[in-house]
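In: need a structure here:
(chains A, B, C and D)
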There are 4 protein chains.
Amino acid sequence: MRKLAVLTGGGDCPGLNAVIRGIAKSAHQYGLEVLGIRDGFRGAVEGDFMPLTLNDVSGILPRGGTILGTTNRDNPFAYATNLNGVTQLLDRSDDVIRNLKERDVDALLAIGGDGSLNIALKFANKGLSVIGIPKTIDNDLMATDQTFGFQTAVDTAQEALDRLHSTAESHHRVMILEVMGRYAGWIALYAGVAGGADVILIPEIPYNLNRVAQSVQQRAKQGKKFSIIVVAEGAKPFGGEMVVERLVSGRFDPIKLGGIGAKLGNDLEEQFGMETRVTVLGHLQRGGSPNSYDRVLSTRYGVAAVDAALEKEFGIMVALQGRNIVRVPLNQAVDKLKKVPLTDPLLITARALGIEMGD
Amino acid sequence: MRKLAVLTGGGDCPGLNAVIRGIAKSAHQYGLEVLGIRDGFRGAVEGDFMPLTLNDVSGILPRGGTILGTTNRDNPFAYATNLNGVTQLLDRSDDVIRNLKERDVDALLAIGGDGSLNIALKFANKGLSVIGIPKTIDNDLMATDQTFGFQTAVDTAQEALDRLHSTAESHHRVMILEVMGRYAGWIALYAGVAGGADVILIPEIPYNLNRVAQSVQQRAKQGKKFSIIVVAEGAKPFGGEMVVERLVSGRFDPIKLGGIGAKLGNDLEEQFGMETRVTVLGHLQRGGSPNSYDRVLSTRYGVAAVDAALEKEFGIMVALQGRNIVRVPLNQAVDKLKKVPLTDPLLITARALGIEMGD
Amino acid sequence: MRKLAVLTGGGDCPGLNAVIRGIAKSAHQYGLEVLGIRDGFRGAVEGDFMPLTLNDVSGILPRGGTILGTTNRDNPFAYATNLNGVTQLLDRSDDVIRNLKERDVDALLAIGGDGSLNIALKFANKGLSVIGIPKTIDNDLMATDQTFGFQTAVDTAQEALDRLHSTAESHHRVMILEVMGRYAGWIALYAGVAGGADVILIPEIPYNLNRVAQSVQQRAKQGKKFSIIVVAEGAKPFGGEMVVERLVSGRFDPIKLGGIGAKLGNDLEEQFGMETRVTVLGHLQRGGSPNSYDRVLSTRYGVAAVDAALEKEFGIMVALQGRNIVRVPLNQAVDKLKKVPLTDPLLITARALGIEMGD
Amino acid sequence: MRKLAVLTGGGDCPGLNAVIRGIAKSAHQYGLEVLGIRDGFRGAVEGDFMPLTLNDVSGILPRGGTILGTTNRDNPFAYATNLNGVTQLLDRSDDVIRNLKERDVDALLAIGGDGSLNIALKFANKGLSVIGIPKTIDNDLMATDQTFGFQTAVDTAQEALDRLHSTAESHHRVMILEVMGRYAGWIALYAGVAGGADVILIPEIPYNLNRVAQSVQQRAKQGKKFSIIVVAEGAKPFGGEMVVERLVSGRFDPIKLGGIGAKLGNDLEEQFGMETRVTVLGHLQRGGSPNSYDRVLSTRYGVAAVDAALEKEFGIMVALQGRNIVRVPLNQAVDKLKKVPLTDPLLITARALGIEMGD
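Out: Numbers count the residues shown, from 1 in each chain, chains lettered A, B, ... in the order given. A predicted model of the protein is given here:
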């Protein structure tokens, strides 16, 4: 084991740079060289590499984003390639393997979400020495207790709720905050409890608009003339469709056209005459400096991936289970979505506090 | 001079509570009693008052919003009143004067924007002892160098730009941030310079989409594959209309339907094939704890208003000019919009930095 | 079960108000009444109670400190009492029991550290229905995976490290940050990794000054002319004494006279000619708004304590184990200090990053 | 005018990098080349230069410190030089002039405090084309309304006061915060008003300990069992000496031995039996990301300095006066300390609020 390569794929997430730094610093301790690959699997296909010395990772721990760049598109097994003026999707995976071999790379560390980990698994099946590091800001990966970036996103959403609180209270309004969470409501649930929300709507529990409205009216009767609603982008009314999926199937950004937050606000205004205001957090949740929790977790993931490489354990993903970082076979890790179960302790806590979950 | 009353009107703004506390604390030093009026002029009409002792204002300095509540609707001179089951707009200004007289209030301190200050002026013209304290988060009032809350809103917008920067850089995207500023681009200009924006679009300078696109393309040629655009909600394309006015004339919230940020993003995608992402800061700019600048300024406004009351100077508004708080006749202060002049020193600085202003 | 009473004891900690709110809100859901006791066990002896309705806990979730007040002194079993002009330590525990009985309190919820939990245990042994909620910002209680306030303190220390970094780098200096942790180095370890420290010194590992100096010199040789050292207040040189204990045995505050941080800085200057600057975080770690992690954890503790009361499980402490809040007998929970073991995963990670631990 | 050189001298300060970036970006617009000089005048003597292209300043706007490095020691007119094994202070100013000439530098931009600006003046008197940019976190330079970094330091101190507030209130204690300000109390005054301090002690007003104690006791009588005191490091008791000067004349860091904050705390404990806790903010005030106010001001200073160079106005310092950046002759700008006058509007406001100033 003499040389590692690392790439970041998928949407950016606070902590990516901390993982990269953790890899570079611990590799240095063990006398390993590290190469960075630019823009995820695009750079792996195109041979776009850069050195990652101690100097290159100096000062990146607090910074959001990824110094390597990322894309959420390029797949080496179906890579958009210009052939005689026509763009075709070709299997370019051998280019990746050749690029790594030419640079004497002994193992590839792929930091990414389900898409990237699926590609990593395919490379593992082709015999490449691959180690996956899970990344999903939604924290919806079954194999790991927690993904990095999630806790920072929850902080961001909670701080937004703190801000909206004073406006809600001063103006006696219903303030709605739409947060990330297409298929799982973890950010909404955690930020909602942390931010003192009155209503939390998540994809796992289709909501009944009447219940939401009753909850707001009930508070008003008790003298609280405002309410705070947190809604995950993937939430949907009972019997209704998921707005985000409708939007994604088209070509538009949900933020531009208005997602579930906008729908909910309009519905409450039209059907119940409530004065509502909607805020969509959007990309603010991805940016910014990772909090200390995520910096520690990211660093641990990076170090653990180098440890696995040193012990020649490949085809695995590092994962947090309890207080330990463990190794999980990639083929057991991918495509396993972790939704909020109805028995989740925090969900039960939310109900015990009187938070309306919409059902 | 024995008793003051204070109310807050219009949209909430960081620093309202600091003004209220400044009034109550300095009034206490001079042996004056202070009453708070709930929900702006609504409480003045309805007689909804509360005491404001030292205890009532303890701990409110860091808090956003207003402990008195506010509305941006109720006008005592045209007050929605139910008469025999029919809602009519009646002149209820005499109710306000009677409510103040019944409680032995010697002077009314009105914290508010143009709407509230206009009402204050009308009361002054009816002989009431009124002092205005200017409030506009957009900082677009001619008579005062700076309004409280503005600097905090700029901080909030700049922090958002810091967050978007890392995503923009990691994904090689054009990130658009829409900030407040319906008629004046102060927030966009200050936050844009502070946040390192590449393009700043303000209502005062109708923008040329080609120039915006060229600026992004120019950067890409120099190796910067991302750009950050700040756009004030009231910005408009050259020859085009202002999206926010179109929306406001209807019944919908601009955030729900998509304002100028969404339009700009779509236009750059459709006409120039750029990958864009839009974030609308919206109400996040109004909430949160005021920064130290605004806490100091708000406190000074509050103290200065009590000073004016003690010296029986009424029909005036307190205003910051240079380092001093001065008094300006209300009739000269209202309805004077302060737009960004083309000769503004910071605008010239922005151009010297190479920031594209769209013209 | 109809009425609960709650008190907070020991040093303040971010999240205390969130626990109180969690108790009050879930108690309200179950139709229970809640009383607050002022200033820890002092109020229990003196009969200083206050109601805790939904209104009383409204808006306290983001606030540091405790609305109930706290002391780290008063022990009902040895309570400073003025008897005929002479202050004597008397057993006033029966006064506490009587005060609770007179107010029809069915169970006492005591939020506190080792001191308060020991008192709670004694009351349990006297037959009182007591439930403990653990509070130690140092996170050094064996029975629970994590205490609330710890993660916020780590955030605070990490943010301080981020600030010191730029000064260290600009001035080519050794910057030393002294953080809390009298007997356990958890804050130093977590904040050190999160803040990119070069050296971390904790009470569990007596440090060798030569190793610290060598590490700084080694970095200088590699072109890094600055170093960041985090030192827990309870750290001590190998063979030396703990400065904080020497100070505590006297009557002075360690911050005033200079603790281990000051000693380390002086030693590095005098023995190795290094330019050092020392910052003592002190009380800044206790204050401020809890982060989202601690708000969630605090809320869960509060709700879990009410659950235990409803199920009439007394003489226990609620504790986090894995993802669940469990119940631990008080007599097994107190006096069990959780130090950083040499096998701690994060300690091993720190070494793998090349962080000098002083041994 | 084809090439500029820039250096940073003296203690670091939030906004230094923003000035450097402002210089580099506007110089680029005008087709000028920029060189950076490392570690202030040390690099000027030793010939330690680096290029400052757009790429070099990319991403530095939000970062504290200075990418050029700084020292608060080296003076080319009395430069510690090793001659035959003996260190002597030699006039090396001609080396600086030669180094600049060799690199075809047309003008030197020196960012620094009184020390650096005095050196700049001497170079101007020797015929060098020099432009000064003022830097003092204490904001105590007469020629300019405001220096960059000050407002960020006030934010930092105010946030510390917010944190201490909750502990003070929960524990019924006197909390003392020592902030920067050796000869002028601007930070203490602004942060004290912004942070809701009860007592503010500044160098300009020697304090009477009895008055401080009475103010605390007066609050206790009114039911406020805690008080917050902000003290500038250069404050001193009436008739007493300045602790910071005593310490600086020796070899120790004031933070290590305890400055005026520690003295005040001890005095209040010993003479009045008050329970006090002292926090020394120290270097935390210098670090961290500049706030938006300082980023704008720093950027303006940088751009204005390039403007002056283009117009060949040398021997001057750029300064903020009202809303404009003006040019002040260096010989009129240096050695003019701006203390807080007794007629300062904010000082008068503080008294109107009932804040005890110690006199």
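In: Quick one: the helices in chain A, in order.
Out: Counting by DSSP state H, one finds helices in chain A at the ranges A:16-29, A:41-46, A:54-57, A:93-102, A:114-125, A:150-171, A:186-194, A:209-221, A:243-249, A:254-257, A:260-272, A:292-310, A:330-333, A:345-352.
In: any low-confidence regions in the stretch 201-350 of chain A?
Out: A:244-258 (pLDDT under 70).
In: For residue A:280, give its distance to residue B:228.
Out: 19 Å (Cβ to Cβ, to the nearest Å). Yep, even glycine has a C-beta here, placed from its N, CA and C like the rest.
In: So for the two, which sits in the more crowded spot?
Out: The neighbour comparison of residue A:280 against residue B:228 (other Cβ atoms under 10 Å in any protein chain shown) goes to residue A:280, with 27 against 24.
In: before we move on, the earlier item: return the most buried member of the helices of chain A.
Out: helix A:186-194 (a mean of 29; mean count of other Cβ atoms under 10 Å in any protein chain shown).
In: Just the mean pLDDT for it, thanks.
Out: Averaged across helix A:186-194, the pLDDT comes to 98.
In: roughly how far is that helix from the heart of the chain?
Out: 14 Å (Cα atoms, centre = their mean, to the nearest Å).
In: Stretch A:176-186 too?
Out: Distance, centroid of stretch A:176-186 to centroid of chain: 11 Å (Cα atoms, centre = their mean).
In: could you check whether it is close to chain C?
Out: No: for stretch A:176-186, no contact with chain C is found by Cβ under 8 Å from any Cβ of the partner chain; the gap never falls below 11.4 Å.
In: Check the residue most central in space within chain A and give its pLDDT.
Out: Nearest to the geometric centre of chain A sits residue A:137, at 1.9 Å (Cα atoms, centre = their mean). The per-residue pLDDT reported for residue A:137 equals 94.
In: what's it sitting at in phi/psi?
Out: The main-chain torsion angles of residue A:137 are listed as degrees, to the nearest 10 and equal phi -70, psi -20.
In: Hmm, residue A:154 and it touching each other?
Out: No: counting by Cβ atoms under 8 Å, residue A:154 is not a contact partner of residue A:137; they are 9.8 Å apart.
In: residues shared between the contacts of these two?
Out: Listed as contacting both residue A:137 and residue A:154 by Cβ atoms under 8 Å, 6 or more residues apart in numbering or on different chains are residue A:187.
In: before we move on, back to that, quick one: which of the helices of chain A is nearest chain D?
Out: helix A:16-29 (12.4 Å; Cβ to the nearest Cβ).
In: so what's residue A:224 up against?
Out: residue C:58.
In: Now residue A:359: closest residue in space, sequence neighbours ignored.
Out: residue A:205 (5.0 Å; Cβ to Cβ, 6 or more residues apart in numbering or on different chains).
In: pretty sure that neighbour is touching residue A:351, no?
Out: No: using Cβ under 8 Å, residue A:205 makes no contact with residue A:351, being 10.8 Å away.
In: Against residue B:349, how distant is residue A:196?
Out: 41 Å.
In: try residue A:297
Out: Residue A:297 is 41 Å from residue B:349, by Cβ to Cβ.
In: next one: residue A:222
Out: Following Cβ to Cβ, the distance that separates residue A:222 from residue B:349 is 52 Å.
In: circling back: what touches both of residue A:205 and residue A:351?
Out: residue A:357.
In: OK, contacts around residue A:165?
Out: A:175, A:195-196, A:228, B:64-65, B:287, C:59.
In: Tabulate the helices of chain A (TSV), appending distance to residue D:211.
Out: Below are the helices of chain A laid out as TSV (distance: least, Cβ to Cβ, whole Å):
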stretch	distance to residue D:211
helix A:16-29	51
helix A:41-46	68
helix A:54-57	54
helix A:93-102	74
helix A:114-125	66
helix A:150-171	36
helix A:186-194	44
helix A:209-221	48
helix A:243-249	63
helix A:254-257	57
helix A:260-272	55
helix A:292-310	42
helix A:330-333	68
helix A:345-352	51
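In: doesn't residue A:184 make contact with residue A:204?
Out: Yes: counting by Cβ under 8 Å, residue A:184 is a contact partner of residue A:204 at 7.1 Å.
In: list the residues that contact both of these two?
Out: A:339-340.
In: Please enumerate residues in contact with stretch A:152-162?
Out: So stretch A:152-162 is contacted by A:14-15, A:137, A:177, A:179-180, A:187-188, A:190-192, A:194-197, A:228, A:230, A:279, A:281, A:284-286, A:288-291, A:293-294, B:284, B:287-288, C:62, C:289, C:291-293, C:295 (Cβ under 8 Å, 6+ apart).
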